[in-house]
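Student: coordinates only, no sequence provided:
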C-alpha cells in the first residue's frame, strides 16, 4: 500500500515479533514491544520516525516488557483490551528469570473493543476481539492493505496455547472462526514465527482444517 512500511524486529527470550508500522507523515505505530527497547528505538531513529501509539495484541509480559522504557522516550497512547490491561502491569505478569514485572507507563492505556475502528499512522484499522489465548486478545486488521496482526491467536501452522491463566480453548476456536472468514489473500503477521496468509492457514493449519 502506498505510504505504508512495516518492519519486524524479533525481540526477547521468547522471540516475539514486534512490528513497526510506518505511515507517510513520519509517525510509527509499535505493535507488541516485547523486549529489546534499544533495538526498537534504533529502528525508529533509522526511519526518522516518532511513535504515534503502541498497540498490544494481548497482555502477556513477553509482548509488552519494553513498553515502559519506550514510553519514556516517546510518550504516546497505548491501545489494549481492558480484560488484559487489568493485570498486565502487576506482579502476576512477571516471568522470572526472563521477564520482570512490566513497568508502568507514561501515558494512559486506551481500552479496545470488538469492531472498534482506529487510525494507525493514517491507516484505518479494525479491532477484532479474539479471546482464547488470553481473555483480552485482539487482532488488528488493516483491510485496505490486506494485513492482519494476529498476536498469539493464530500462527503459521499453529494457534495460541490456552493453558495459561485466562486461556480458554472454546473461546479460541470461536475466535479462529472470525479470522478464517476474512478474505483468503489477507496476510497474517503473527506474534511469533513467519508470516502466512488466511488461505494458507485454511489449507494447511491442522487446527483450522
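Tutor: Alright, I've got the coordinates. Here the structure is a predicted model, which is why all the values come from computation and not from measurement.

Student: you'd agree residue 51 is up against residue 30?
Tutor: Yes - with contact defined as Cβ atoms under 8 Å, residue 51 counts as touching residue 30 (5.8 Å). Just so you know, the C-beta spots here come from the backbone N, C-alpha and C atoms, and that holds for glycine as well.

Student: what sits in contact with each of those two?
Tutor: Contact criterion Cβ atoms under 8 Å, 6 or more residues apart in numbering; residues shared by residue 51 and residue 30: residue 70.

Student: okay, these two: which has more neighbours?
Tutor: residue 30 (27 against 22; other Cβ atoms under 10 Å).

Student: which residues does the more buried one contact?
Tutor: By Cβ under 8 Å, 6+ apart, residue 30 lies in contact with 18, 19, 20, 40, 51, 53, 54, 55, 70.

Student: equivalent analysis for residue 76, please.
Tutor: The contact partners of residue 76, taken as Cβ under 8 Å, 6+ apart, are 51, 52, 53, 54, 107.

Student: and the next element down the chain from the host helix or strand of the third one?
Tutor: Element membership for residue 53, per DSSP states H and E: strand 50-55. Proceeding N to C from strand 50-55, the next assigned helix or strand is helix 67-73, under DSSP H and E.

Student: ok, and the most crowded of the contacts of residue 76?
Tutor: residue 54 leads the contacts of residue 76 on contacts (other Cβ under 10 Å) with 26 neighbours.

Student: list the contacts of the longest helix anywhere in the chain.
Tutor: Across the chain, the longest stretch assigned as helix under DSSP state H is helix 169-180. Helix 169-180 is touched from outside by 128-133, 137, 139, 148, 150, 153-154, 159-160, 162, 198, 201-202, 207-208, with contacts defined as Cβ under 8 Å, 6+ apart.
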